[in-house]
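> Sequence first, then the predicted structure, then my questions.
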Amino acid sequence: MTDTAIIRSIDAIWRSESAKIIAALTRIVRDIGLAEDLAQDSLLIALERWPQSGIPDNPGAWLMATAKRRAIDLLRRIKLRDRKYEELGYELNTQEELDIDSALDDHIGDDLLRLIFMTCHPILSAEARVALTLRLLGGLTTEEIAKAYLVSEPTIAQRITRAKRTLSEARVPFEAPPKAELTARLSSVLEVIYLMFNEGYSASAGDGWLRPLLCEEALRIGRILAEIVHDEPEVHGLVALMEIQASRFKARVDSAGEPILLMDQNRALWDDLHISRGLAALDRAERLGVERGTYPLQAAIAACHARARTASDTDWVRISGLYDALSRIAPTPIVELNRAVALSMAYGPEVGLELVDTLLLEPSLKNYHLLPSVRGDFLVKLGRLDEAYSEFKRAAALAGNAREQEFLLKRAVECAEGRDFRF
């Protein structure tokens, strides 16, 4: 394996393992910023050693053990220093009560779940909670988070730095909140989990379009939440949505890794187990909720696709009605863009185009590649290939993911060649 290939492998391993490592270290050192620094140390050691020694059989365990040793060494140095100066304070007393050796093997509770509630603490702004959790649990870079949230990279960097400092200064405990506070903190947690899932479902950067491990981690945390707060319809709605979307993994890309649009996917490849789990979770959400919230509504839309045996069986009129309901309770530009697609499929591309054109001046969509991509689709169906070509070129320029860029450029070429291709 070449050095370049090893570095790429290390990066992939880090993305899948970093959240678990940071969560475990936060339990040990009780400081989220320090935990991230120690985790980064283990990554640097791996980058130094693995190109010579090769990647170990269990790289995640290697990184975890290395990071924990760094944390334990740090705690021992702190103890030694404080013993020397005889200045033991409250915080160190707490640390002294910790059995350092057993900390290496302490698996009580779910560290990831504790970490996500910590990063979603109400002491932080909603934007800071999302950015910090995506960084620490999703392993995303600042650039990737900025793209996922449609804001500038410096803004995200500031949010993360301030969030870690705020948590540290406030000494926010590393624990899940008591039952009485769970509901109030749930909305932000669900938003973060779904953003994590979406980053794995359609990666905003990198060479691969999918990051299944990120989706699996988001789904796993969602399932755990559903067990803890089993009477909250929004939690079950989110789990249903993620389960149904996860069922399409094998059908979303071809053998070359190129994206395959929903309507062109081989539905025989959809995972029936994920679908059945998703439909069961949706049924539970609907039985619990008097009115559908945002996640049950999105899950109901996904269920319409899951129940259609072929693309032509899709009930687009029902889907557009569900998007109308979603738009009333969550009138975001992204929801409107998706509603335009549903309206187009149900009533014709001219209807969808009319709605999309109202979004062209929306500031938050200025650099969002799916706006020109969707508009390009409508223009193709209306036979306006020259305009569609320009839209796909613009979409490719805005897309951060290499596979998606290739896909959009291919569609632009097809427009230039005047091909009649279907959405």
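Noted; the coordinates are in hand. Predicted, not measured: the structure shown is a model, and the values here were computed from it. Numbering: from 1, shown residues only.
> Dump the helix or strand harbouring Glu169 to CSV, restricted to CA.
Element membership of Glu169 [criterion: DSSP states H and E] is helix 153-170. The C-alpha coordinates for helix 153-170 follow below in CSV (Å, rounded to 0.1, in the frame of the first residue of the first chain):
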residue,chain,number,x,y,z
GLU,A,153,-16.4,28.2,7.4
PRO,A,154,-15.1,30.9,9.8
THR,A,155,-18.6,31.1,11.3
ILE,A,156,-18.6,27.4,12.0
ALA,A,157,-15.0,27.5,13.4
GLN,A,158,-16.1,30.3,15.8
ARG,A,159,-19.2,28.4,16.9
ILE,A,160,-17.2,25.3,17.7
THR,A,161,-14.4,27.1,19.7
ARG,A,162,-16.9,29.1,21.7
ALA,A,163,-19.1,26.1,22.4
LYS,A,164,-16.2,24.1,23.8
ARG,A,165,-15.1,27.0,25.9
THR,A,166,-18.6,27.6,27.2
LEU,A,167,-19.0,23.9,28.2
SER,A,168,-15.7,23.9,29.9
GLU,A,169,-16.2,27.1,31.8
ALA,A,170,-19.7,26.0,32.9
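> Show me what counts as buried in the helix or strand that that helix is followed by.
Next along the chain after helix 153-170, taking DSSP H and E as the criterion, comes helix 179-201. Within helix 179-201, the residues that count as buried by 16 or more other CB atoms under 10 Å are 182, 185-186, 188-201. All C-beta spots, glycine's among them, are computed from the backbone N, C-alpha and C.
> who does the helix holding Glu169 touch, helix- and strand-wise?
Packing partners of helix 153-170 (3 or more CB pairs under 8 Å, 6 or more residues apart in numbering; DSSP states H and E): helix 32-53, helix 111-119, helix 126-136, helix 142-149.
> Ok, which of those comes nearest Arg159?
helix 126-136 (4.4 Å; CB to CB).
> Tell me how far that closest one lies from the chain's centre.
Relative to its chain's centre, helix 126-136 lies at 11 Å (CA atoms, centre = their mean, to the nearest Å).
> Flag the shaky bits of this structure, pLDDT-wise.
Within the chain, the stretches with pLDDT under 70 are 1, 79-110, 148-150, 179, 205-206, 419-423.
> Now do the strands in it.
Using DSSP state E, the chain contains no strands.
> So for Pro233, which of the helices and strands packed on helix 153-170 sits nearest?
helix 111-119 (19.8 Å).
> Which strands and helices lie in contact with the closest one?
With contacts defined as 3+ CB pairs under 8 Å, 6+ apart, helix 111-119 has these neighbours: helix 3-29, helix 32-53, helix 126-136, helix 153-170, helix 179-201, helix 212-228.
> Which residues outside the last one are in contact with it?
The one in question is helix 212-228. Helix 212-228 has contacts (CB atoms under 8 Å, 6 or more residues apart in numbering) with 15-16, 19, 110, 112-113, 116, 137-139, 176, 182, 186, 189-190, 193-194, 196-197, 199-201, 235-236, 238-239, 242-243, 245-246, 249, 281.
> what's the answer for the third one, then?
In this structure, residues lying in contact with helix 126-136 by CB under 8 Å, 6+ apart are 18-19, 22-23, 32, 36, 115-116, 119-121, 124, 140, 142, 144-145, 148-149, 151, 156, 159-160, 162-164, 166, 188, 191-192, 195-196, 199.
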